[in-house]
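Undergrad: fold the stuff below for me.
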Amino acid sequence: MKSLRDARLAVFSHKLCWPSGSSPTGFATDGGFPFQMGALAEAFGETRIVVPVAKSGNTTSEAPLAGPGLRVIPLTPVQGRAIWGKLAIVLWVFRNLPVLLGETLRADAVHAPVPGDVGTIGMLLGFALGKPLLVRHCGNWANERTAAEHFWKWFMERFAGGRNVMLATGGAAHPPSAKNPNVSWIFSTSLRDADLKKYRAGCERTEPAPRLIIVCRQEHAKGTGVVIEALPLLAASMPGIHFDVVGGGGALPDFKALAARMGVSDRVTFHGAVGHKRVLELLRQAGLFCFPTTSSEGFPKAVLEAMACGLPVVTTSVSVLPALLAAGGGLLMERASPDCVAGTVRHCLSDAERYREMSRQALLTAADYSLERWRDTIAAMLARHWNSDARPI
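TA: Sure thing, here's the model as predicted:
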């Protein structure tokens, strides 16, 4: 295969995008996807992002899809829920097949982030047409609950090796797969080296601040409700305690009702979905990142962003989180309960010297996870497996 800098990469993703007049490509989306695609595009001659495109989106939290040689190829949005979902995706494939097939044939290689219907289709088309594959599992590799999750893991373990690069988002001392050593870990981030240097220069904390924050999709398993229930336990010894809840999601009404029932509505600010810049501003204003998750996490970028802002992290032993805190940038809780959250928060904020050391270690840990390193790590793997030149980027 030709060198990466001369190759055309087709990325098939379920990530919903929308038109944007402020984007160089004319399209935008939210989350970490646009930052990662911009970085990945720096490794290739041309990168074509094949994604569903809606008529409009959340402009409050959007980020442009942009990068050298990056182009967005629109698909129609995937429709259908529940029992009609399988029928809807079949109809959707027939409707979009000319684009899906055409982009696969044009590509020198295919990148398929999974979970997701579009990524799965791109993965199978690329495999069927003999294209070199980069499959990136972005969920929790260790947690297989559905038939689809079993299939993605089986496919990656079965076909990893040769020209097929299979990456599991996360990290551990042992490789992701005992069945196939060619499956490798990859971290996830949305921060450039310049961002990390800027925050490292101005974000090391000197005094504990009783301002807690969580940034995530607001679902019950992420732990927002547990922190709200811990606030009355903290208020007696920390009268200034406050909790910033950042992110949208279906559980937000439940959390607002819970705050009212617990009598702490005046101590909780619900910011909803905000843009990446605003997320970082709120993290820099906070004193402690609380994430008592019981959900299946791959590599939660918000935790890394918090650490990059000098925030110690209080969380649970889920997925890669113990590894991220191994150097001392926060504390792991035994369980996700209000009393455990309250006790751990008190422990973090009651000793200024201990707090400063956790902040320093958080900054040092985050410095190892830049988009440039993410890009170069993937590019080196691809060059090795695809027998192309790993030219400096």
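Undergrad: mean confidence for stretch 64-72?
TA: For stretch 64-72, mean pLDDT is 97.
Undergrad: go on, stretch 259-270?
TA: Here stretch 259-270 scores 97 as its mean pLDDT.
Undergrad: and the contacts of that stretch?
TA: Stretch 259-270 is contacted by residues 228-229, 231-232, 235, 241-245, 252, 255-256 when judged by C-beta atoms under 8 Å, 6 or more residues apart in numbering. Bear in mind the C-beta positions are built from the backbone N, C-alpha and C, glycine included.
Undergrad: start to end distance for that stretch?
TA: One end of stretch 259-270 to the other measures 10 Å (C-alpha to C-alpha, to the nearest Å).
Undergrad: flag every buried residue along it.
TA: 259, 262, 264, 267-268, 270 (16 or more other C-beta atoms under 10 Å).
Undergrad: wait, Arg95 touches Val78, no?
TA: No: contact status for Arg95 versus Val78: not in contact, 10.3 Å apart, counting by C-beta atoms under 8 Å.
Undergrad: so between these two, which is more surrounded?
TA: Val78 (18 against 12; other C-beta atoms under 10 Å).
Undergrad: show me which pair in the contacts of stretch 259-270 is furthest apart.
TA: Greatest spatial distance in those: Ala235 and Leu252, 22.4 Å, computed using C-beta to C-beta.
Undergrad: how many residues are close by the closest residue in space to Gly122 that isn't next to it in sequence?
TA: The shortest distance from Gly122 to any non-neighbouring residue, by C-beta to C-beta, 6 or more residues apart in numbering, is to Phe12 (2.4 Å). Neighbour count for Phe12, taken as other C-beta under 10 Å: 30.
Undergrad: and Leu212, how close does it get to Val227?
TA: According to C-beta to C-beta, to the nearest Å, Leu212 and Val227 sit 6 Å apart.
Undergrad: per the annotation, how does this structure divide into domains?
TA: Each domain of the chain is listed here as a residue range: 4-189+370-386, 193-366, per automatic domain parsing.
Undergrad: where do the helices of the stretch 151-300 of the chain begin and end?
TA: Using DSSP state H, counting those that start in this stretch, the helices of the stretch 151-300 of the chain run over residues 193-202, 224-235, 252-261, 276-285.
Undergrad: who wins for proximity to Gly38 among those helices?
TA: Short answer: helix 276-285, nearest of these by C-beta to C-beta, at 12.3 Å.
Undergrad: buried residues, the closest one. List them.
TA: Residues of helix 276-285 classed as buried: 276, 279-280, 282-283 (neighbour count, 16+ other C-beta under 10 Å).
Undergrad: can you spell out which helices and strands pack onto that helix?
TA: Secondary-structure packing of helix 276-285 (3 or more C-beta pairs under 8 Å, 6 or more residues apart in numbering; DSSP states H and E): helix 193-202, strand 211-215, strand 242-246, helix 301-308.
Undergrad: for the strand or helix carrying Pro52, give the mean pLDDT please.
TA: Per DSSP states H and E, Pro52 falls inside strand 46-52. For strand 46-52, mean pLDDT rounds to 97.
Undergrad: what lines up beside that strand in the sheet?
TA: If you go by DSSP bridges, strand 46-52 pairs up with strand 8-12 (parallel), strand 70-75 (parallel).
Undergrad: helix or strand next in line after the longest one, which one?
TA: Scanning forward in sequence from strand 70-75 by DSSP H and E, the next helix or strand is helix 85-106.
Undergrad: next: the first one.
TA: Scanning forward in sequence from strand 8-12 by DSSP H and E, the next helix or strand is strand 18-19.
Undergrad: check which helices and strands whichever helix or strand comes after that following strand sits against.
TA: Counting by DSSP H and E, the next helix or strand C-terminal to strand 18-19 is strand 27-29. Packing partners of strand 27-29 (3+ C-beta pairs under 8 Å, 6+ apart): strand 18-19, strand 63-64.
Undergrad: how far is strand 27-29 from where the chain is centred?
TA: Offset of strand 27-29 from its chain centre (C-alpha atoms, centre = their mean, to the nearest Å): 17 Å.
Undergrad: what's the helix or strand just after it packed up against?
TA: Per DSSP H and E, strand 27-29 leads on to helix 33-41 as the next helix or strand towards the C-terminus. In terms of contacts (3+ C-beta pairs under 8 Å, 6+ apart), helix 33-41 is packed against strand 8-12, strand 46-52, strand 63-64, strand 70-75, helix 371-386.
Undergrad: hmm, 7 Å instead?
TA: Here helix 33-41 touches strand 46-52, strand 63-64, strand 70-75, helix 371-386, going by 3 or more C-beta pairs under 7 Å, 6 or more residues apart in numbering; DSSP states H and E.
Undergrad: pick the most deeply packed of those.
TA: strand 46-52 (a mean of 23; mean count of other C-beta atoms under 10 Å).
Undergrad: could you list the residues in contact with that one?
TA: The contact list for strand 46-52, computed with C-beta atoms under 7 Å, 6 or more residues apart in numbering, reads 8-17, 37, 40-41, 65, 67, 69-73, 75-78, 99, 103, 118, 122.
Undergrad: which of those residues count as buried?
TA: Counted by 16+ other C-beta under 10 Å, those give 8-17, 37, 40-41, 65, 67, 70, 72-73, 75, 78, 103, 118, 122 as buried.
Undergrad: next, count neighbours for the nearest residue to Ala221 once chain neighbours are set aside.
TA: Spatial nearest neighbour of Ala221, excluding adjacent residues (C-beta to C-beta, 6+ apart): Ser295 at 3.8 Å. Per other C-beta under 10 Å, the neighbour tally for Ser295 reads 19.
Undergrad: over to the one 10 residues further on?
TA: By the criterion of other C-beta under 10 Å, Glu305 has 24 neighbours.
Undergrad: give the contact list for it.
TA: 190-191, 279-280, 283.
Undergrad: I'd like these laid out as TSV, including distance to Ala160 and pLDDT.
TA: Formatted as TSV, these follow (distance: C-beta to C-beta, whole Å; pLDDT from 0 to 100):
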residue	distance to Ala160	pLDDT
Ser190	26	92
Leu191	28	93
Val279	34	93
Leu280	35	91
Leu283	36	95
